[in-house]
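[1] Quick one: sequence plus predicted model below, questions after.
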Amino acid sequence: MSDTSEKTGACLCGAVRFTVRDAKHEIGVCHCSMCRRWSGGPLFAIDCGTNVSFEGAENISRYHSSEWGERGFCKHCGSNLFYRLVQSGQYVMAVGAFHDQADFKLTDQIFVDDKPGYYEFANQTRMMTGAEVFAQFAPKPPEGERD
């Protein structure tokens, strides 16, 4: 099996449809307080890189939840669609929006230090604290702007 594949999906009402050319098969779960507030629980998502196209893009609302990330959702039904890293344009798409989820596998959890105590997953996954996530994924300032 390939590490990536083309996948399609849509919001609940179908006003937004998407095609991902290089969807990874590994599901990551984010336990941060923003994702939990946004989705009502941990966010289950797939790294989809930058090769994502949308039909009905005029129906997407974008919320800049931090200086380096934005969240996209359908204006009509409210379905969570993606978290996008602004600097790189990388999309992390909500797993539930994909049509075919058969080859996905839960592999990673991030912001495990923010996870509330009322749930646990049985899957054995890589687990990263918030500090580890920022160290690996946060945009680095340009060379001339570093301390």
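    Ah, there it is.

[2] Now do the same contact list for the residue nearest the centre of the chain.
    The centroid of the chain falls nearest to residue 92 when counting by CA atoms, centre = their mean (3.0 Å). For residue 92, the contact set (CB atoms under 8 Å, 6 or more residues apart in numbering) comprises 28, 45-48, 82-85. C-beta coordinates here come from the backbone N, C-alpha and C atoms, glycine included.

[3] Go again with 6 Å.
    45, 47, 83 (CB atoms under 6 Å, 6 or more residues apart in numbering).

[4] what helix or strand is it on?
    strand 90-94 (DSSP states H and E).

[5] Provide the strand pairings for that strand, with the direction of each partner.
    Using DSSP bridges, the strands paired with strand 90-94 are strand 43-49 (antiparallel), strand 80-85 (antiparallel).

[6] Which residues does the last one contact?
    The reference is to strand 80-85. For strand 80-85, contacts defined as CB under 6 Å, 6+ apart pick out 39, 69-73, 91-94, 97.

[7] could those residues be laid out in JSON lines, adding pLDDT and distance to residue 52?
    Below are the contacts of strand 80-85 laid out as JSON lines (pLDDT from 0 to 100; distance: CB to CB, whole Å):
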{"residue": "39", "pLDDT": "91", "distance to residue 52": "19"}
{"residue": "69", "pLDDT": "93", "distance to residue 52": "15"}
{"residue": "70", "pLDDT": "96", "distance to residue 52": "13"}
{"residue": "71", "pLDDT": "97", "distance to residue 52": "14"}
{"residue": "72", "pLDDT": "98", "distance to residue 52": "10"}
{"residue": "73", "pLDDT": "96", "distance to residue 52": "15"}
{"residue": "91", "pLDDT": "97", "distance to residue 52": "5"}
{"residue": "92", "pLDDT": "96", "distance to residue 52": "10"}
{"residue": "93", "pLDDT": "97", "distance to residue 52": "7"}
{"residue": "94", "pLDDT": "97", "distance to residue 52": "12"}
{"residue": "97", "pLDDT": "97", "distance to residue 52": "11"}
